[in-house]
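Participant: What would the 3D arrangement of this be:
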Amino acid sequence: MSQTGTIDPRDAHPVRNGSNLMAYLHVLKKAHAVMVGHARAEQRFRQIVTYGEAQRYIEELMPLLLRECDSRWQQRRRTAGG
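Facilitator: Here you go, the predicted structure:
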């Protein structure tokens, strides 16, 4: 779905193996696995077939990953004494 809530017909198209999007999704899955474990991350990743599902996956994971990144940055900063 786009930002306006209208349905994009491309949302139903399958995500192709070897595409830049698929590569990006694999990077997200790897980061997700660090947070929740490989089995859970793989289970969630296997649900992605279409562009719409990929978009929802990204929208679901990015806030969690950004929060985790910020938390680790804060922790490193405290450890370094800054």
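Participant: Longest helix in the chain, please.
Facilitator: For the chain, the helix with the greatest residue count under DSSP state H is helix 51-80.
Participant: That helix - contacts with which helices or strands?
Facilitator: Based on contacts counted as 3 or more Cβ pairs under 8 Å, 6 or more residues apart in numbering; DSSP states H and E, the elements that helix 51-80 packs against are helix 20-36. C-beta here means a position set from N, CA and C on the backbone, and glycine is covered the same way.
Participant: angle of the helix it packs on against helix 51-80?
Facilitator: Inter-element angle recorded for helix 20-36 and helix 51-80: 50 degrees (by axes from the mean of the first three to the mean of the last three Cα atoms, to 10 degrees).
Participant: Give the buried residues for helix 20-36.
Facilitator: Under the neighbour-count criterion of 16 or more other Cβ atoms under 10 Å, helix 20-36 has 25, 28-29, 32-33 buried.
Participant: mind checking which helix or strand Arg44 is in?
Facilitator: Counting by DSSP states H and E, the element that carries Arg44 is helix 38-45.
Participant: Hey, what's the angle from that helix to helix 20-36? Just curious.
Facilitator: Between helix 38-45 and helix 20-36, the angle comes out at 140 degrees (the same axes, to 10 degrees).
Participant: residues of helix 38-45 that come out buried?
Facilitator: 41, 44-45.
Participant: which outside residues touch it?
Facilitator: 25, 29-30, 32-33, 35, 57 (Cβ atoms under 8 Å, 6 or more residues apart in numbering).
Participant: which residues of this protein score low on pLDDT?
Facilitator: Within the chain, the segments meeting pLDDT under 70 span 1-5, 82.
Participant: who's sitting farthest from the centroid in it?
Facilitator: The centre of the chain is farthest from one residue, Gly81, which by Cα atoms, centre = their mean lies 31.7 Å away.
Participant: Contact partners for Arg29?
Facilitator: That one is not Arg; residue 29 is Lys. Lys29 neighbours (Cβ under 8 Å, 6+ apart): 41-42, 44-45.
Participant: Can you pick out the most distant pair from those residues?
Facilitator: Of all pairs drawn from the contacts of Lys29, the one with the longest distance (Cβ to Cβ) is Glu42 and Arg44, at 7.4 Å.
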